[in-house]
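Novice: Take this sequence and fold it.
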Amino acid sequence: MKPIKLPEPPASPRGMAGIPDIFEGGVNGVLRRAVIIGNGYPSSENQSAGLVRALGLSNNQTLHRVTRPSGGINEYLHWLPVSIHKKLYYIICLVCGYSRRLLTRSGKKLVPLSRENSGNIGLSSVLEADVRSIVRMAKETFEKEGPLLVVACGRDTISIASSIRRMASENVFVIQIQHPRSHIHRFDMVITPQHDYYPLTPQGQEQVPRLLRKWITPCEPPDSRIVLTTGALHQVDSAALRAAASAWHEELSPLPKPLLVVNIGGPTRYCKYGTDLAKQLVASLHNVLESCGSVRISFSRRTPDKFSNVILNELGTHPKVYIWDGEEPNPHMAHLAWANSFVITADSVSMLSEACSTGKPVYVIGAERCTWKFIEFHQRLRERGLVRPFTGFEDMSESWSYPPLIDTQEAASKVRKALAERGWRLLQ
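Specialist: The predicted structure is shown next:
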């Protein structure tokens, strides 16, 4: 098997040959800082952080998180745009006189926004996503610090990111990750998987009632400001894998090889499954255990207890199998570095994208249960030779490879090009 070369992260920002940036074209044209607009979901914030890392700005980034009221009646309002949700919640509190009976009728405690806005993606602090304060900062520091890169991901961040661009278009470059569904012109760039355009395909059109087709978006082909990827963006690159491999060397190096890593997500609207898939996974793993040196299994936050219990009951005491208990430190990056092959449930675009960036064998279980645009996603992975179905008849001592999926690095290259067209550049 030929050695696989993974993309290297950009070098840390520095002036060229020690020359101050002001003599290299003016500080106003050098982009050296980033603001991430997050929604509290690790999968979304990881995509933004991954792009910022690929652009070489991870040492000068801040996270501003959009938060919603939670608990009680708020659990029924999450379908609303976040700004409307907050206003409606405020009105309900006024009308009801902060009635705890109404607001907590579901039995769940209300969570103040300040407590919600905790946890991060490796950043030292997390700030409230306030449009006016970000716009003011971008304008007031433009002459000294140059333009500001704003990267957002997820539905709740759309209004924040678009408002920042509208109010400070001369001072910011705004990137929205994942398709915003309408009004693409609100952003300088949109980075989204190709399967988000599945409704435009003949297969996608057949699944949409004719009367509803004009409301199903996207309703037009992508324009020049849209960057299409195969999968999700992430923070996996050769430097991250080397660091994880070194940090976990003592624990993972002695394990018998080949090492099979199993990553389990959870059912979604477009990829539904239950304990029947868990039993299928257990049976298939039993079949391949003989050709494995060791197996390490991880569950995600979305994995239902009834699913994980099947795995724990059937494999929890097997001498070749280790099941991560969910406690820190998280071995995920180390598993990507040390694994010889992967088995991943079909529901997780993020986990599949990360594994496919390693160039190692990736097996998928449950793809036949996916519907809608997930069908398109899995079809593209198979066509590129990135994944194979997990049948239980594999010999894990045999390996295969492919050109690694480098969506994040390719998207970063498109960002650099767009910045250059605007007369801006990243500090190299």
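
Novice: Mind telling me what element residue 337 is part of?
Specialist: helix 332-338 (DSSP states H and E).

Novice: got the buried residues for that helix?
Specialist: Using 16 or more other C-beta atoms under 10 Å as the test for burial, helix 332-338 gives 332-338. The way it works is simple: take the backbone N, C-alpha and C, and place the C-beta from them, glycine included.

Novice: all helices for the stretch 201-350 of the chain, in order.
Specialist: 202-206, 238-247, 249-252, 275-288, 305-315, 332-338, 349-356 (DSSP state H, counting those that start in this stretch).

Novice: Distance from the second one to the middle of the chain?
Specialist: I take that to be helix 238-247. 20 Å (C-alpha atoms, centre = their mean, to the nearest Å).

Novice: For it, the averaged confidence score.
Specialist: Averaging pLDDT along helix 238-247 gives 97.

Novice: The longest one now?
Specialist: Along helix 275-288, the predicted local confidence has a mean pLDDT of 98.

Novice: From the contact counts, what lies against that helix?
Specialist: strand 259-264, helix 305-315, strand 341-345, strand 362-365 (3 or more C-beta pairs under 8 Å, 6 or more residues apart in numbering; DSSP states H and E).

Novice: any chance of these in JSON lines, plus mean neighbour count?
Specialist: Putting the helices and strands packed on helix 275-288 into JSON lines (neighbours: other C-beta atoms under 10 Å) gives the following:
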{"stretch": "strand 259-264", "mean neighbour count": "24"}
{"stretch": "helix 305-315", "mean neighbour count": "16"}
{"stretch": "strand 341-345", "mean neighbour count": "25"}
{"stretch": "strand 362-365", "mean neighbour count": "24"}
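
Novice: and those as CSV, adding distance to residue 381 and mean pLDDT?
Specialist: Below are the helices and strands packed on helix 275-288 laid out as CSV (distance: least, C-beta to C-beta, whole Å; pLDDT from 0 to 100):
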stretch, distance to residue 381, mean pLDDT
strand 259-264, 15, 98
helix 305-315, 23, 97
strand 341-345, 11, 98
strand 362-365, 8, 98
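
Novice: Reformat those as CSV; add distance to residue 163.
Specialist: Shown next, in CSV, are those (distance: least, C-beta to C-beta, whole Å):
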stretch, distance to residue 163
strand 259-264, 36
helix 305-315, 40
strand 341-345, 37
strand 362-365, 39
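
Novice: Which of those sits closest to residue 204?
Specialist: strand 362-365 (21.1 Å; C-beta to C-beta).

Novice: thinking again about what came up before, the helices of the stretch 201-350 of the chain: which one's closest to residue 130?
Specialist: Closest approach to residue 130 among these (C-beta to C-beta): helix 349-356, 27.8 Å.

Novice: and the angle for the closest one with strand 341-345?
Specialist: Using axes from the mean of the first three to the mean of the last three C-alpha atoms, to 10 degrees, the inter-axis angle of helix 349-356 relative to strand 341-345 is 170 degrees.

Novice: pLDDT of helix 349-356, averaged?
Specialist: 98.

Novice: still on that earlier bit, which neighbouring elements make contact with the helix holding residue 337?
Specialist: helix 238-247, helix 249-252, strand 259-264, strand 294-299.

Novice: Low-confidence bits of this structure, can you list those?
Specialist: 1-27, 97-125 (pLDDT under 70).

Novice: ok, now with 50
Specialist: Within the chain, the stretches with pLDDT under 50 are 1, 12-25, 103, 105-124.

Novice: could I get the helices and strands packed on helix 332-338 as a markdown table with distance to residue 170?
Specialist: Listed next are these as a markdown table, based on distance: least, C-beta to C-beta, whole Å:
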| stretch | distance to residue 170 |
| --- | --- |
| helix 238-247 | 34 |
| helix 249-252 | 49 |
| strand 259-264 | 44 |
| strand 294-299 | 45 |
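
Novice: Which of the helices of the stretch 201-350 of the chain sits closest to residue 59?
Specialist: helix 238-247 (13.0 Å).

Novice: Name the residues of that closest one that come out as buried.
Specialist: Using 16+ other C-beta under 10 Å as the test for burial, helix 238-247 gives 238, 240-241, 244-245.

Novice: Remind me what that helix packs against, helices and strands.
Specialist: Packed next to helix 238-247, using 3+ C-beta pairs under 8 Å, 6+ apart, are helix 332-338.

Novice: quick one, what contacts residue 392?
Specialist: 283-288 (C-beta atoms under 8 Å, 6 or more residues apart in numbering).

Novice: Please give the number of neighbouring residues around the nearest residue in space to residue 81 that is not next to it in sequence.
Specialist: Leaving aside its sequence neighbours, residue 81 sits nearest to residue 159 (C-beta to C-beta, 6 or more residues apart in numbering; 6.3 Å). Neighbours of residue 159 under the rule other C-beta atoms under 10 Å: 19.
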